[in-house]
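*Asks:* Any chance you could fold what I've pasted below:
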Amino acid sequence: MIIFGPLLVVAGIGFFCWLLFTLAVFALPLSVGLTIGIWTFHTGAGVLGGTAAGLMAGGATICIGQLALAFVPWTWLRLLILLLYIAPATVAGYSATHGIAQMAMSSPTWQAIFAIVGATAVTITAFSALRPWPYPGQADGIWGRADTIAAVGGVGPDRAPRALAVLIFDIK
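*Replies:* Sure, this is the predicted structure:
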């Protein structure tokens, strides 16, 4: 038991750091999901209804962002959409790292330095998690979706279900 105690403590701390980091990366969907879930609970839907509404709202926020990134043709608008998702993640990463640094060290300068490093790590991770990576063999650069648009047969609201199938199931 003496050997397993410290190992379980380290594993538990590692798990909670991973959870905190993951939740910081998806700060906007988490915030939307929590807000909708709590509001739904307070309107009388109960715990199950609030949880279901919160999960659906958070998932819809991620899906809307991914679809917007897939179908917006302008790079500047894609960057604005990414900024909308990444800015809350940066703030959450800074706050989380600063809180951990306050518990670990007394120097405010080092706390700020570690908080900035943590915010930078969360920002890079959020960018890579939300950025529309190209499919293998895509020839028009890292920001384009030419093969998706070609597989769908063009761009337009009437082709949205086919485009969703192409994006999710990689149907060509």
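*Asks:* Now do the contacts for the closest residue to Leu84 other than its chain neighbours.
*Replies:* Spatial nearest neighbour of Leu84, excluding adjacent residues (C-beta to C-beta, 6 or more residues apart in numbering): Leu28 at 7.1 Å. Using the backbone N, CA and C atoms, a C-beta is placed for each residue, glycine as well. The contact partners of Leu28, taken as C-beta atoms under 8 Å, 6 or more residues apart in numbering, are Thr61, Gly65, Leu84, Tyr85, Pro88, Ala89.
*Asks:* run the last query once more with 7 Å
*Replies:* Thr61, Tyr85, Pro88 (C-beta atoms under 7 Å, 6 or more residues apart in numbering).
*Asks:* Can you spell out which helices and strands pack onto whichever strand or helix holds the last one?
*Replies:* Taking DSSP states H and E as the criterion, the element that holds Pro88 is helix 75-104. Contact partners of helix 75-104 among helices and strands, from 3 or more C-beta pairs under 7 Å, 6 or more residues apart in numbering; DSSP states H and E: helix 4-25, helix 27-40, helix 46-71, helix 108-130.
*Asks:* thinking again about what came up before, looking at the contacts of Leu28, which is nearest Phe4?
*Replies:* Pro88 (38.3 Å; C-beta to C-beta).
*Asks:* Ser106: neighbour count?
*Replies:* 8 (other C-beta atoms under 10 Å).
*Asks:* Closest to the centroid, which residue in the protein?
*Replies:* Phe26 (3.0 Å; C-alpha atoms, centre = their mean).
*Asks:* separation between it and Gly59?
*Replies:* Here Phe26 is placed at a distance of 11 Å from Gly59 (C-beta to C-beta, to the nearest Å).
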